[in-house]
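> Mind looking at a prediction? Sequence and model below.
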Amino acid sequence: MKGFFAFVRKEFLHIFRDRRTLLVLIGLPTMLIVLFGFAISTEIRNVNIGICAPERDITVTRLADKIDRSSYFTFKGWFGSDEDIDHAMRKGEIDAALMFSDGFSSSLAGPDGAEISIVTDAVNPNNASMEVMYLTNIIYGYFREDMQESAEGASIVPNLRMLYNPQLKSSYNFVPGIMGLILLLVCALMTSVSIVKEKETGTMEVLLVSPVKPIGIVFAKMIPYFVISCMVLVITLLLTIFVLKVPIEGSFFWMILVSMLYIILSLGIGLLVSSLVKTQIIATLIIGMVFLVPVMMMSGMLYPIESMPYVFQIIAQIIPAKWYIEAIRKIMIEGVPFVFVLKEVGVLLAMTVVIFTAAVKKFNDRIE
Amino acid sequence: MDSIRVKRLKKGYGRGLPPAVDIREGFSVSEGELFGIIGPDGAGKTTLFRLLTTLISPDEGDAVVQGLDIIRDYRKLRTIIGYMPGRFSLYPDLSVRENLDFFASVFGTSIKENYHLIEDIYCRLEPFADRKAGNLSGGMKQKLALCCTLIHSPEVLFLDEPTTGVDPSSRREFWETLARLRRTGMTIVVSTAYMDEANRCDRVAMMRSGRFLKVDTPSDIVAGFDRRLLAVRSDEMFRLLQDLRSMEEVVKCYTFGDTHHVVLKENAACAPDEIGHRLTGKYGHTGVQVREQAATLEDCYMNLDD
């Protein structure tokens, strides 16, 4: 046992001596949170909009004014025809346009209703659909509030509600994803690299010819990274709550517990990789290519899994981060009680057991 | 009693390659012996060490170290042996003391407990106790590595080329330390590429292509050299080498320090002077010196028949 603690102490020394790596480990979550929270966002802001209306009466101008006043859109001017709008869009003056039908106001009360077309520049499909949604919202809102008194209740107005994330903030979506990414990076990458480093420098040879059980050597390596991961988790959560102002709706306790399970799972991945490869560079590449890229692309962090081709949807099921992100979204954003994430936690638990069993089986206490 | 007993041992890496270690006639090392293994790079020395220290398992054959089988009892064996690999295998980012402390704790002991074993080496390192191991000189690193290997008082010590890349005076000190350790009854197996070091061993094994060609005491190996040996020099050493090799009495000729050593055929009855005359006359060498030479360990090594 004394030998084991000596190991843990040595690992901490390694980590604290290597200040730069430590700085990266702590700085990375901060950077990612700030990046995803502020810079990279799918929210739209200040979209230039043009309006084409044959008659500029009070209904139309008030709507244009309402659109201009929202922080999402900037009203650029009136356009006379389809061609003008097309021209302005090509020149990049406007990104979206509203086109009112002939006799808009008068046909509002008519049996066929009135028509508004929303035209958007769909070069960036995400932005286009966001613009459409926001515009629709504003228009519905306008007619509900302003027209209800005058209308005879003829038109049915849909009532839209965005649950759990009423402002459609993208950080709600990203925070669990970033946590899934960083924890994997810190645990899996750092553990595997630090184990493989001992193989590469030849210290493993000396350590193996010692009374310490080889599996103890690697478990001793996990403890410091577990501690650092927990620190990273705390930092991420603090930034999330106080900087991004994303509220934790559900149980804080269960969120931490699920995160710890995910940390242990990631440590297991690191151990498994380290027992399969011999050099640090290969360990880094494997973690990067085999684990990190799928987490980014296929865990539902950036793109919804449901809209992927069927094959990818199946692959997504075996990505641990997918289950972790789902569980954290449910607890953190939706605020559901723990029983609703039992499935996700169960899957994570099963994966942990499988990976650790494989890693320990595969771990060689000789050097061949 | 035998500390190490090997009957047969074979280990190869990959198909198509000749085995790295292929010991057919067994050998043994008795307790308290300083046993040297000499051989060129690629002879299989490191593989043999890794086999005996249980780091790799043999393809065929087995060996017993301190009565423990290297395959079956490897767990137990690892607690009583000390192994110092050829490469520098300490933590460069830890200080001298931290390294030593760590290895002591790993073996469940402390620096204090076995300080007597490392005292004469460690006292030289003590002024640098807080220096990072990575900033030590080559000789210092080897001393620290030896300290870390010795700190748990192993029964058998395996040293793989401990003096490669170490300056001559540190090498001398290193071997004096080994001699002192040997007197405490520790069995020491050491490999080296330096023939002068091999002379300090109780017995040496000459290894080539994974096999032991000869195992004997250095003096018996030298005594067993049954060819006539001449040391030759002239003003044109390089041409001399070519010319000597073209002579029909010569079996082998190689550079040895500032002379060429010439091995003569068994029935060649020519005197040193005769060779000297021929070199001056027929080949036109100047400043020719030829004399009879007693064989050294290196000569024996160079003339081993495969």
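Received, thanks. Numbering: from 1, shown residues only, chains lettered A, B, ... in the order given.
> Counting neighbours, what do you get for the closest residue to chain A within the stretch 101-250 of chain B?
Proximity of the stretch 101-250 of chain B to chain A (C-beta to the nearest C-beta) peaks at residue B:105, 3.2 Å away. Placement of C-beta: from N, CA and C, glycine included. Burial measure for residue B:105: 21 neighbouring residues, criterion other C-beta atoms under 10 Å in any protein chain shown.
> hang on, isn't it packed against residue A:1?
No - in this structure, residue B:105 is not within contact of residue A:1 by C-beta atoms under 8 Å, at 10.3 Å.
> Beyond the helix or strand harbouring the residue of the stretch 101-250 of chain B closest to chain A, next helix or strand please.
Under the criterion DSSP states H and E, the helix or strand holding residue B:105 is helix B:96-106. Using DSSP H and E, the helix or strand that follows helix B:96-106 in sequence is helix B:115-125.
> is chain A contacted by that next one?
No - on the criterion C-beta under 8 Å from any C-beta of the partner chain, helix B:115-125 is out of touch with chain A, staying 15.8 Å away.
> Can you list the helices and strands that that helix packs against?
Here helix B:115-125 touches helix B:138-150, helix B:168-183, going by 3 or more C-beta pairs under 8 Å, 6 or more residues apart in numbering or on different chains; DSSP states H and E.
> for it, which positions count as buried?
B:117-118, B:121-122, B:125 (16 or more other C-beta atoms under 10 Å in any protein chain shown).
> With distance to residue A:46 added, can I get those residues in a markdown table?
Below are the buried residues of helix B:115-125 laid out as a markdown table (distance: C-beta to C-beta, whole Å):
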| residue | distance to residue A:46 |
| --- | --- |
| B:117 | 76 |
| B:118 | 72 |
| B:121 | 73 |
| B:122 | 71 |
| B:125 | 68 |
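> Residue B:274: which of the residues you listed is nearest?
residue B:121 (52.9 Å; C-beta to C-beta).
> Who's the closest spatial neighbour of the closest one, skipping the chain neighbours?
Spatial nearest neighbour of residue B:121, excluding adjacent residues (C-beta to C-beta, 6 or more residues apart in numbering or on different chains): residue B:143 at 5.1 Å.
> Could you tell me which residues of the stretch 101-250 of chain A lie near chain B?
With C-beta under 8 Å from any C-beta as the criterion, the stretch 101-250 of chain A meets chain B at residues A:201-203, A:205-212.
> Take the residues you listed and write them to CSV, including neighbour count.
Output for these, formatted as CSV (neighbours: other C-beta atoms under 10 Å in any protein chain shown):
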residue, neighbour count
A:201, 17
A:202, 16
A:203, 18
A:205, 23
A:206, 24
A:207, 20
A:208, 23
A:209, 23
A:210, 20
A:211, 16
A:212, 21
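> And stretch B:130-145, how far out from the chain middle?
22 Å (C-alpha atoms, centre = their mean, to the nearest Å).
> show me what contacts the closest residue to residue B:110 other than its chain neighbours?
By the measure of C-beta to C-beta, 6+ apart, the closest residue to residue B:110 outside its immediate chain neighbours is residue B:104, 5.3 Å from it. By C-beta atoms under 8 Å, 6 or more residues apart in numbering or on different chains, the contact list for residue B:104 reads B:110-111, B:113-114, B:151-152.
> which of those count as buried?
Buried among the contacts of residue B:104 (16+ other C-beta under 10 Å): B:111, B:114, B:151-152.
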